[in-house]
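# quick one: sequence and predicted model below, then my questions.
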Amino acid sequence: MADARPSIAHVGIAVPSIAQALAFYRDVLGLMPGPPESADGATIVSLALGDVHVELLEPRDPAGPVAKFLAKRGPGIHHICYRVPDLDRALERCRAAGYRLVDEVPRRGTRDRRIAFLHPKATAGILLELTE
């Protein structure tokens with residue numbers, strides 16, 4: 001179970017090519033990538049930096065959210081994921097406070113974790129993901 005306080009779980013970075021982006025993380029920082037996973041029309045590779053991960057997101061579906069992000073903004077930080085002790089309670093609090101949710105109910109993300117996204121228009125322009 002997660003710590004009782006929220007923490008950063010990972011930072012998602014949209015890239016046109018995971019293979020090219022890995023050069024920095026592997027060759028310069030010495031990090032070993034985890035196995036590729038698929039979610040939301042993207043291939044995702046996770047790299048551990050202590051308790052926080054960097055997820056490299058490469059689009060597979062040209063109509064998917066990562067492909068749209070790259071087309072509009074180019075490579076860069078796609079989202080930040082916060083780990084919360086109770087995802088359902090966090091979403092209840094978001095609804096009560098009037099935050100716009102991308103996911104009204106949690107769904108399964110990488111590593112089979114429950115996740116939900118908040119719309120960037122409600123969070124100072126940053127796409128936020130919540131997970132347990």
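Great, that's in hand.

# what packs against the longest helix along the chain?
Of all the segments of type helix in the chain, defined by DSSP state H, the longest one is helix 87-97. Here helix 87-97 touches strand 114-118, strand 128-131, going by 3 or more Cβ pairs under 8 Å, 6 or more residues apart in numbering; DSSP states H and E. (C-beta placed from N, C-alpha, C; glycine too.)

# list the buried residues of it.
Taking 16 or more other Cβ atoms under 10 Å as the basis for neighbour counts, the residues of helix 87-97 that come out buried are L87, A90, L91, C94.

# for those residues, give me JSON lines that also has pLDDT and distance to P75.
Output for the buried residues of helix 87-97, formatted as JSON lines (pLDDT from 0 to 100; distance: Cβ to Cβ, whole Å):
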{"residue": "L87", "pLDDT": "97", "distance to P75": "29"}
{"residue": "A90", "pLDDT": "97", "distance to P75": "29"}
{"residue": "L91", "pLDDT": "97", "distance to P75": "30"}
{"residue": "C94", "pLDDT": "97", "distance to P75": "29"}
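
# redo these as CSV? Include distance to T123.
Listed next are the buried residues of helix 87-97 as CSV, based on distance: Cβ to Cβ, whole Å:
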residue, distance to T123
L87, 16
A90, 13
L91, 14
C94, 10
